[in-house]
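Novice: kindly generate the corresponding structure for this input.
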Amino acid sequence: MVLRQVLTIFELMDSAYVNGESFEALFQGNPEVVYTTTKVKGEKGTTDFVKVVIKGSQGKARGGEAPTLGIIGRLGGIGARPTRIGLVSDGDGAIGALSVALKLSTMQLRGDVLLGDVIITTHICPNAPTQAHEPVDFMGSPVDILTMNCYEVDSEMDAILSIDTTKGNTIINHKGIAISPTVKEGYILRVSDDLVRLLTTVTGDYPVTFPITTQDITPYGNGVYHLNSILQPAVATTSPVVGVAITAKSAVPGSGTGASHEVDIALAVKFGIEVAKEFGSGATQFYSPAEYGRLTQLYGSLAQLQTLGD
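Specialist: Below you'll find the predicted structure:
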């Protein structure tokens, strides 16, 4: 059960006074968890970046070799104050990521220790700006995407799940969660069979994936349309990245309040936890190294797509 953790994080998040230090006390009872927060100032305000490291029994933090999973809660901001009062839809990614961290910490205290480390990152900003976007407005951020990636994408992450509200569109007409194809160094690879298996196990339903385009995996700031920022971590790493979208049947603005659905967030959290269990033990792969190697042999590097171009 993860709904308890989601509700705990949700309640702390839904405040005009919340910051990165608001969640630290939740992890102080576990010496195997490292919680850090850093305040960063941008052109449009400040935000607090949060990093939670859950040490695995055979993870790199202990000198082991088990792979490390990264889970990023991607968003512009959790609130649009003073324009809008309350938690906005865009905050679901932060709630989801920190709920994963809280559940993994609780599991560890109860004797269920994962093999590999899990690094969870996100940022907390209760008064972020909004920005125009079609078909509905997005949340903006006090800092740019490059800064977000600097603080949220860790070089120790061997694979990354990027959890993000993805409701502000007309192409995903499903309420719940959906996953993207795997993205690695400019290549959009096929959807991972392992991740599909875990997705159906968690939801008890048919697997739902969502389409992405080449422009979605290029950096913000290049003047082309992006579905949203869910795959922006992929421009800052050589590790495979998969988006975990929290979705809706209708187009819901990221700046909309009263639009978060706790049960849907909990599905994303459960999925993240199950992936963490299997990835650290080597039972789940995000992509086929052999297929990726064949693609690069035939067509070369597509890493230019991780840049702003010429």
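
Novice: where along the chain do the strands fall?
Specialist: Using DSSP state E, the strands of the chain run over residues 33-42, 45-54, 69-73, 118-124, 130-131, 138-139, 159-165, 176-179, 183-184, 187-188, 241-247.

Novice: just put the ones you listed in CSV and tack on mean neighbour count.
Specialist: All C-beta atoms are positioned from the backbone trio N, CA, C, and that covers glycine. Output for the strands of the chain, formatted as CSV (neighbours: other CB atoms under 10 Å):
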stretch, mean neighbour count
strand 33-42, 16
strand 45-54, 22
strand 69-73, 29
strand 118-124, 29
strand 130-131, 16
strand 138-139, 24
strand 159-165, 28
strand 176-179, 22
strand 183-184, 26
strand 187-188, 20
strand 241-247, 27
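
Novice: just send these back as JSON lines, with distance to residue 288 and mean pLDDT too.
Specialist: JSON lines is the format used below for the strands of the chain (distance: least, CB to CB, whole Å; pLDDT from 0 to 100):
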{"stretch": "strand 33-42", "distance to residue 288": "33", "mean pLDDT": "96"}
{"stretch": "strand 45-54", "distance to residue 288": "27", "mean pLDDT": "97"}
{"stretch": "strand 69-73", "distance to residue 288": "18", "mean pLDDT": "98"}
{"stretch": "strand 118-124", "distance to residue 288": "23", "mean pLDDT": "98"}
{"stretch": "strand 130-131", "distance to residue 288": "37", "mean pLDDT": "78"}
{"stretch": "strand 138-139", "distance to residue 288": "34", "mean pLDDT": "78"}
{"stretch": "strand 159-165", "distance to residue 288": "13", "mean pLDDT": "98"}
{"stretch": "strand 176-179", "distance to residue 288": "17", "mean pLDDT": "98"}
{"stretch": "strand 183-184", "distance to residue 288": "11", "mean pLDDT": "98"}
{"stretch": "strand 187-188", "distance to residue 288": "12", "mean pLDDT": "98"}
{"stretch": "strand 241-247", "distance to residue 288": "14", "mean pLDDT": "98"}
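
Novice: make TSV from the ones you listed and add distance to residue 84 to it.
Specialist: Putting those into TSV (distance: least, CB to CB, whole Å) gives the following:
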stretch	distance to residue 84
strand 33-42	19
strand 45-54	15
strand 69-73	20
strand 118-124	16
strand 130-131	8
strand 138-139	10
strand 159-165	15
strand 176-179	24
strand 183-184	31
strand 187-188	34
strand 241-247	19
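
Novice: nearest to residue 107, of those?
Specialist: strand 45-54 (9.0 Å; CB to CB).

Novice: so that closest one versus strand 118-124, what angle?
Specialist: Angle, strand 45-54 to strand 118-124, by axes from the mean of the first three to the mean of the last three CA atoms, to 10 degrees: 160 degrees.

Novice: for strand 45-54, name the packing helices and strands.
Specialist: strand 33-42, helix 92-109, strand 118-124, helix 145-152 (3 or more CB pairs under 8 Å, 6 or more residues apart in numbering; DSSP states H and E).

Novice: the inter-axis angle of that strand versus strand 33-42?
Specialist: Counting by the same axes, to 10 degrees, strand 45-54 points 160 degrees away from the direction of strand 33-42.

Novice: give me the distance from stretch 117-129 to the chain's centre.
Specialist: Centroid separation for stretch 117-129 versus its chain: 9 Å, with CA atoms, centre = their mean, to the nearest Å.
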